[in-house]
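Trainee: Quick one, fold the following:
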Amino acid sequence: MDDKTAHPSAEPTAPPNPSQAAPSAPVSGKPPKFGVALIPLIAMALLLGVGYGVYKIKAQVLLVAAASITAFMGLLLGFKWKDMERGIVDSIHKAMPAILIMLSVGILVGAWMASGTIPMVIYYGLKLISPKFFLATACLVCSVVAVASGTSWGTIGTVGVAFIGIAMGLGIPLGPAAGAVVAGAYFGDKMSPLSDIPNLATVISGSNLFDHIKHMMWSAVPAWLAGLVIYFVVGLKYGAAAVQSDTLDLILGTLKSSFRFHILLLLPMAVIFYFAVAKKPTIPAMILSSLVAAALAVAVQKIPLTVVATAMNSGLPARTGVEVVDKLLAKGGMMSMMETQLIAFTAFAFGGIMQRTGCLAVILERVMKFTKHVWSLVLTTIGAAVLSAMITGSSYLSMILPADLLAPVFKKKNLAAKNLSRIIEESGAIIVPLIPWSMAGVYITGTLGVSTFSYLPWAFMNYLSVLMLAVFGFTKWTMSPRVREDETQPGS
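Mentor: The predicted structure is shown next:
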């Protein structure tokens, strides 16, 4: 899912995390003691743990409540509202370049859907299904579809459902089948520049999207390959029964009849890959790719320009008449980024007040005592991300909370921000679907009809990558040093 980003070097920008820069001294009021400084974090944990985890209240509202509590505490300490308001504005100002890229991603996905680029990738990905190697194929195809569409939930809810139907028809245990689907979907999600999970990880950590994705390959790809090997070996015992699935045939037939597939539809992807390899500015790349895709939508798919514009704004309108396919294609558009942006805005507001009142500086001073070595910093970050995932059940918040606290520590240790973004994504967002009470866990169980504890042991990629991160922390291998002040630029 979704659950974004490189900043162009041509755009002047400060690190997009409110706590990325060294916490500034309080402008007014008196510095809080450690116990008092913890009150906002405790309040946030309770609000998110109970409000979001139990009552399913929107995280944005709870973050506003946490920010309000922090502001009230700041007033009691003698801080002026104007100073705290300035902290909020400064934090959001630092995030604006990332917000622009989120909007660009929404436009891009909508255009790629309308042009047929994403539907074509999904179609040929599904054609790869091998009746002899079901588990490995399920993981591989879900990975391809998730990379192309940028959504793990969409992949699980469409292609994943088809694979579960196939597994039932073949007599393959549903636990392994669902585990392969989940691992593939989340691998593709976290490696896709179209997904909001890696984009948000880079925004809150102050790293570059493509640097972040390349850096994750050191842990994600080996974990994914190890899972494929296990699926291959285990899957052999299920025999070579012919794969038949009405759902799968329906998806393939509908995609084929609804879109014209042509090699030219790969041009929008080629534009993005060229700009990434050449380390060119990201926003122009996405806009150019979107324009190319829009032209292809009109020329190849014969879609009216007004419909293409709608797709770029709010997603591709349902057009196939087949619910399962329309659900898969109903992605993209600037409006699809709104919820992620609201979470980012409210989180930055909370962080801005924390920084302006000096609470963040006090907490970080204490945290630094437990992060004297690289290995202890990595383990602390992993633990914070996993704990946040278990408390909130949210892919977004499991990344935001540890990043907000630990970004300055990584900077002080002269470690690149992409180390932090890699750890919080793989220890937070990718662990969330393995937690039964999380939104992702509930969604997967309800969609696939398989309990979390049944598929958890088989989602190898999700937890093997975390173990690899711990190894990297102890060996310092792949723990890249910080090479420039603005790490949102390509090549940081």
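
Trainee: residues near the residue nearest to Leu434 when sequence neighbours are not counted, how many?
Mentor: Counting by CB to CB, 6 or more residues apart in numbering, Leu434 lies nearest to Leu456, which is 5.0 Å off, once chain neighbours are set aside. Bear in mind the C-beta positions are built from the backbone N, C-alpha and C, glycine included. Leu456: 19 surrounding residues under other CB atoms under 10 Å.

Trainee: Assumed Leu456 was part of a helix.
Mentor: Yes: counting by DSSP: H, G, I helix; E, B strand; the rest coil, Leu456 is part of a helix.

Trainee: Surely it and Ile431 touch.
Mentor: No: between Leu456 and Ile431 there is no contact under CB atoms under 8 Å: 10.4 Å.

Trainee: was I right about Ala162 contacting Thr247?
Mentor: Yes: contact between Ala162 and Thr247 holds when scored by CB under 8 Å: they sit 4.4 Å apart.

Trainee: between these two, which one's more packed in?
Mentor: Taking neighbours as other CB under 10 Å, Ala162 and Thr247 compare with Ala162 leading, 23 against 16.

Trainee: elements contacting the host helix or strand of that one?
Mentor: Here Ala162 is covered by helix 161-170, with elements defined by DSSP states H and E. Under the contact definition 3 or more CB pairs under 8 Å, 6 or more residues apart in numbering; DSSP states H and E, helix 161-170 sits against helix 134-149, helix 174-190, helix 246-258, helix 439-448.

Trainee: Reformat these as JSON lines; add distance to Glu365 and mean pLDDT.
Mentor: Below are those laid out as JSON lines (distance: least, CB to CB, whole Å; pLDDT from 0 to 100):
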{"stretch": "helix 134-149", "distance to Glu365": "41", "mean pLDDT": "89"}
{"stretch": "helix 174-190", "distance to Glu365": "32", "mean pLDDT": "94"}
{"stretch": "helix 246-258", "distance to Glu365": "55", "mean pLDDT": "86"}
{"stretch": "helix 439-448", "distance to Glu365": "34", "mean pLDDT": "83"}
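
Trainee: Out of those helices, flag the one nearest Met461.
Mentor: Closest approach to Met461 among the helices and strands packed on helix 161-170 (CB to CB): helix 174-190, 4.2 Å.

Trainee: next one: the closest one to chain centre, how far?
Mentor: 15 Å (CA atoms, centre = their mean, to the nearest Å).

Trainee: What of stretch 411-427?
Mentor: Using CA atoms, centre = their mean, the offset of stretch 411-427 from its chain centre is 15 Å.

Trainee: end to end, how far does that stretch reach?
Mentor: For stretch 411-427, the separation between the terminal residues is 20 Å (CA to CA, to the nearest Å).

Trainee: and Tyr123, how many neighbours does it have?
Mentor: 20.

Trainee: okay but it is in contact with Arg260, surely?
Mentor: No: using CB under 8 Å as the test, Tyr123 is too far from Arg260 to be in contact (11.5 Å).

Trainee: Now list whatever residues contact both of these two.
Mentor: Residues touching both Tyr123 and Arg260 (CB atoms under 8 Å, 6 or more residues apart in numbering): there are none.

Trainee: residue ranges with poor pLDDT in the stretch 1-150 of the chain?
Mentor: Along the stretch 1-150 of the chain, the model assigns pLDDT under 70 to residues 1-27, 95, 98, 129-131.
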